[in-house]
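[1] following is a predicted model, sequence given first.
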Amino acid sequence: MHSEALPLTSHEIPGSASRVALGPRAVLLRAFARDRGPELVTAIGAAAEISPFRHMVTPGGWRMSVALTNCGYVGWLTDRSGYRYDTIDPMTGRAWPAIPRLFADLAVEAAEAAGFSAFHPDACLVNRYAPGARLSLHQDRNERDFDQPIVSVSLGLPAIFLWGGMKRADKTQRVPLTHGDVMVWGGPDRLRFHGVHHLADGKHPLTGAYRFNFTFRRAL
Ligand code: MD6
Ligand code: FE
């Protein structure tokens, strides 16, 4: 099957990957990144040597159960003064590590496969979930240009993604995300509420007792 609006790529030859529409401009590309899993996990480890994973505090004073780090020109932060992007990692006092070429290629290819051409991410937020970690319902709205999509890659242990509507109280759909799945969303879906259910116990051959999620954004 071929369509003008959503061109297929070599990663979507029938049988190797499938796409699930989650909204008018939101798509789950199942297993899109699976073949690159080992290199992606290695690259996360290298970035974490420069800017380690840490548990940040929300503006309301809660310690996040998810540990995070960033790569890119800017990184996403939260502390008592709010959410924001900054070029400096507050833990090291230095720039965040650069987005590895492998990451950037994946982000651009996935965005293109989802119908978003010319995606130029300047930020990559890397989340690490241990069993029990969760992410409460939120919108991603600290970026300047909501016309740019978000590309989100899941590695390691599976999770239940909570996919809501435009209002916090809207009903949420439970979307299982497994190793190598990539979600892309933008346009009218860009500000939908979403979160991640408590991670279940498990052991993954590549990541052990963790799930990693990295999201590419155009922040500035
Ligand atoms: C996660 N992801 O999957 C959390 N936000 O671990 C997000 O919060 C997220 O996956 C915006 C776009 C894609 C995402
Ligand atoms: Fe988010």
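    Structure received. Ligands and ions are numbered 1, 2, ... in the order given.
[2] residues of this structure that sit close to ligand 1?
    127, 135, 140, 150, 152, 161, 183, 194, 196, 213, 215 (CB under 6 Å from any ligand atom). C-betas here are computed from N, CA, C, even on glycine.
[3] mind listing which of those residues are in strands?
    127, 135, 150, 152, 161, 183, 194, 196, 213, 215 (DSSP state E).
[4] can you tell me which of the residues you listed are buried?
    Neighbour counting by 16 or more other CB atoms under 10 Å classes 127, 135, 150, 152, 161, 183, 194, 196, 213, 215 among those as buried.
[5] what sits against the residue lying closest to Gln148 once chain neighbours are set aside?
    Among residues not flanking Gln148 along the chain, Arg218 sits closest, at 3.7 Å (CB to CB, 6 or more residues apart in numbering). By CB atoms under 8 Å, 6 or more residues apart in numbering, the residues touching Arg218 are 119-123, 143-145, 148.
[6] 10 Å - rerun?
    Residues near Arg218 by CB atoms under 10 Å, 6 or more residues apart in numbering: 119-123, 143-150.
[7] just Leu40 next, same as before
    33-34, 100, 102-103, 106, 153, 155, 180, 206, 212, 214.
[8] buried subset of those residues as a PyMOL selection?
    This is how PyMOL selects the buried members of the contacts of Leu40, with burial counted by 16+ other CB under 10 Å:
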select buried, resi 33+34+100+103+106+153+155+180+206+212+214
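[9] pLDDT and secondary structure added to the contacts of Leu40, as a markdown table?
    Formatted as a markdown table, these follow (pLDDT from 0 to 100; DSSP: H, G, I helix; E, B strand; the rest coil):
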| residue | pLDDT | secondary structure |
| --- | --- | --- |
| Ala33 | 98 | coil |
| Arg34 | 98 | helix |
| Pro100 | 97 | coil |
| Leu102 | 96 | helix |
| Phe103 | 97 | helix |
| Leu106 | 98 | helix |
| Val153 | 98 | strand |
| Leu155 | 98 | strand |
| Gly180 | 98 | coil |
| Leu206 | 98 | coil |
| Phe212 | 98 | strand |
| Phe214 | 97 | strand |
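[10] if you rank the contacts of Arg218 by neighbours, which is first?
    Pro149 (27 neighbours; other CB atoms under 10 Å).
[11] now that one. Nearest residue, chain neighbours left out?
    Closest residue to Pro149 apart from its sequence neighbours, by CB to CB, 6+ apart: Gly186 at 3.0 Å.
[12] tally of neighbours for that neighbour?
    Counted with other CB under 10 Å, residues neighbouring Gly186 total 22.
[13] that one is in contact with Ser117, isn't it?
    No: judged on CB atoms under 10 Å, Gly186 makes no contact with Ser117 at a distance of 11.4 Å.
[14] what do these two both touch?
    Listed as contacting both Gly186 and Ser117 by CB under 10 Å, 6+ apart are Ala111.
[15] so which of the buried ones among the ones in strands among the residues of the chain next to ligand 1 comes closest to Pro38?
    Ranked by distance to Pro38 (CB to CB), these are led by Asn213 at 17.0 Å.
[16] let me see the contact set for that closest one.
    Asn213 touches 66, 68, 125-129, 135, 152-156, 159, 161, 177, 181, 183, 196, counting by CB under 10 Å, 6+ apart.
[17] make it 8 Å
    Asn213 makes contacts with 126-127, 129, 152-155, 159, 196, as judged by CB under 8 Å, 6+ apart.
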